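Novice: Structure for the following, please:
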Amino acid sequence: MLDIKDVTIKYGDSGEAVKGLSLHLNPGEILGIVGESGSGKTTVIRSVIGLLPGLGRVTSGDIVFDGRSLLNLKTAEWQKIRGNELAMIFQDSGAMINPIRRVGSQFIEYLKTHSDMTKKEAHSRAVEMLELMRLPDGENIMRSYPFQLSGGMRQRVGIAMAMSFRPKLLLADEPTSALDVTTQAQIVRQMMEMHEKYGTAILLVTHNIGVAAYMSDRLVVMKDGQVVEEGSRDDIIHNPQHSYTRKLLDATPLMDGDPYV
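Specialist: Okay, the predicted model is just below:
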């Protein structure tokens, strides 16, 4: 489904943020990318959806989704793919929502931008998705301003919007890092429920190797813009080969003497 082929990414005239990275993702699979801050994780998934910030650009290699290169797509082509086939959950969805507009007006605008729904149809779909994310009283959420919702509720709104068109691939950039531990667990469970319900593949970026181990079928470990280890979840967790992977695992909390992953 997704093939990232020997991709190098730079920001302006600075050094390479990602160097010769290759990975693949199969339909319906969850692939977790883990590593410390600055390792290039977020740069990778932003390159997939064409949202590299500032002067970020892919300088070599290719990114192929469903047999089609995503590099050099025109705005109209991205408009068709984003939301419908590719969607993204940001680290803090609340920061991506306009604080002076009601949630409902933004959700409806998003749905109408990426489809030919009427306003009434978009409203109904939005309420349905909010309630699938276990937000109480979807109509009330639609009437609310972002500041009236908790961080966990805003994150659920972001996930509901991203999953509205049942995309083939969901890009999740640290979707739980801004939340308390209890809310993290709820968000992870609800993402897994949506994955199982719609068969959506997920490319998950996180510095929390415990979350990655719980959700992912395979894991990729990144350091300094490069992949240092890749394998099945069990292989990476129970039989790490690279010293950096072992250090990440050693940094996880212990429960009854065993790493909590």
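
Novice: For residue 183, grab the count of nearby residues.
Specialist: A total of 17 residues lie near residue 183 under the criterion other C-beta atoms under 10 Å. (C-beta placed from N, C-alpha, C; glycine too.)

Novice: surely it meets residue 156?
Specialist: No. Residue 183 is beyond contact range of residue 156, at 9.3 Å (criterion: C-beta atoms under 8 Å).

Novice: Please enumerate the helices of the stretch 101-250 of the chain.
Specialist: Secondary structure of the stretch 101-250 of the chain (DSSP state H, counting those that start in this stretch): helices at 103-113, 119-132, 138-143, 151-162, 181-198, 209-215, 233-238, 243-250.

Novice: And the fourth one, what's buried?
Specialist: It refers to helix 151-162. The neighbour-count criterion (16 or more other C-beta atoms under 10 Å) identifies 152, 153, 154, 155, 156, 157, 158, 159, 160, 161, 162 as the buried residues of helix 151-162.

Novice: In contact with the residue minimising distance to the centre of the chain, which residues are there?
Specialist: Geometric centre of the chain, nearest residue: residue 172, 0.9 Å, by C-alpha atoms, centre = their mean. Contacts for residue 172 (C-beta atoms under 8 Å, 6 or more residues apart in numbering) come out as 45, 88, 89, 191, 202, 203, 204, 205, 206.

Novice: One more: residue 162?
Specialist: Counting by C-beta under 8 Å, 6+ apart, residue 162 touches 87, 88, 89, 170.

Novice: Out of these, which comes closest to residue 108?
Specialist: Each of the contacts of residue 162 was scored against residue 108 by C-beta to C-beta, and residue 87 proved nearest at 16.7 Å.

Novice: For that closest one, the count of nearby residues, please.
Specialist: By other C-beta under 10 Å, 25 other residues sit near residue 87.

Novice: Tell me the secondary structure at it.
Specialist: What DSSP: H, G, I helix; E, B strand; the rest coil gives for residue 87 is strand.

Novice: Would you confirm that it contacts residue 159?
Specialist: No. Counting by C-beta under 8 Å, residue 87 stays clear of residue 159, with 9.4 Å between them.

Novice: shared neighbours, these two?
Specialist: Between them, residue 87 and residue 159 share no contacting residue under C-beta under 8 Å, 6+ apart.

Novice: Minimum pLDDT in the contacts of residue 162, which residue is that?
Specialist: For the contacts of residue 162, the weakest pLDDT value sits at residue 89, with 88.
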